[in-house]
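Visitor: one predicted model, sequence on top.
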Amino acid sequence: MTNNQEKVPEIRKTTVFNASIEKVWQAVSTSEGIAEWFMPNDFEPKEGHEFTLHSPYEKSPCKVLEVNPPNGLAFTWGVFGWQVSFELKELDGKTEFTLIHSGWGAPNEVVGPAGETHTVIRDRMNNGWEGIVNDRLRKVVEE
């Protein structure tokens, strides 16, 4: 794939949680916190740390790219070049949280064993992230 080819747009989910930035940071920057709302893992908040996300379907290799407490965290996910970032901003005792899932390839490029395109996978994951962020993560941080 050349650099001038069109790529599938990143997924971006922004919401405001009725929770302190410290509470949201703990939920997204610790192995226990991530397991509560996303997937079992052996995450450590150290740049360069390699870890695994255990989905119901597979084990995905990941690597921590950035740790900037309590405002940001980024890691690679899987073998397709995906990157997931969390951005946190304090808002008078609440927290604005943005999840960014980037690293998509060309829209019609076929990837994975199921022979699906980046567009199909991105659309499915966009719907999945909606529930993960606005239902599951919200429940963890607002309880």
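Guide: In hand now; what should we look at? Residues are numbered from 1 along each chain as shown.
Visitor: direction included, what does the helix or strand harbouring E90 pair against?
Guide: Here E90 is covered by strand 82-91, with elements defined by DSSP states H and E. Counting by DSSP bridges, the strands paired with strand 82-91 are strand 72-77 (antiparallel), strand 94-102 (antiparallel).
Visitor: what mean pLDDT does the longest one get?
Guide: This predicted structure assigns strand 94-102 an average pLDDT of 98.
Visitor: where are the low-confidence patches of the protein?
Guide: In the prediction, the chain carries residues with pLDDT under 70 at positions 1-5.
Visitor: and with 80 instead?
Guide: Counting by pLDDT under 80, the ranges of the chain that qualify are 1-5, 112-113.
Visitor: so where do the strands sit in the protein?
Guide: Chain-ordered strands for the chain, with DSSP state E as the definition, fall at 11-17, 50-54, 59-68, 72-77, 82-91, 94-102, 110-111, 116-117.
Visitor: and the third one with strand 50-54, angle?
Guide: Between the axes of strand 59-68 and strand 50-54, defined by axes from the mean of the first three to the mean of the last three Cα atoms, to 10 degrees, the angle is 130 degrees.
Visitor: then strand 59-68 to PDB, C-alphas only?
Guide: The C-alpha atoms that make up strand 59-68 are tabulated as PDB, following Å, rounded to 0.1, in the frame of the first residue of the first chain:
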ATOM      1  CA  LYS A  59      -5.000 -13.300  22.000                       C
ATOM      2  CA  SER A  60      -3.900 -10.000  20.600                       C
ATOM      3  CA  PRO A  61      -0.300  -8.800  20.900                       C
ATOM      4  CA  CYS A  62       0.000  -5.100  22.100                       C
ATOM      5  CA  LYS A  63       2.700  -2.700  23.000                       C
ATOM      6  CA  VAL A  64       2.500   0.500  25.100                       C
ATOM      7  CA  LEU A  65       3.500   3.500  23.100                       C
ATOM      8  CA  GLU A  66       2.800   6.400  25.500                       C
ATOM      9  CA  VAL A  67       1.900   6.900  29.200                       C
ATOM     10  CA  ASN A  68       1.100  10.500  30.200                       C
END
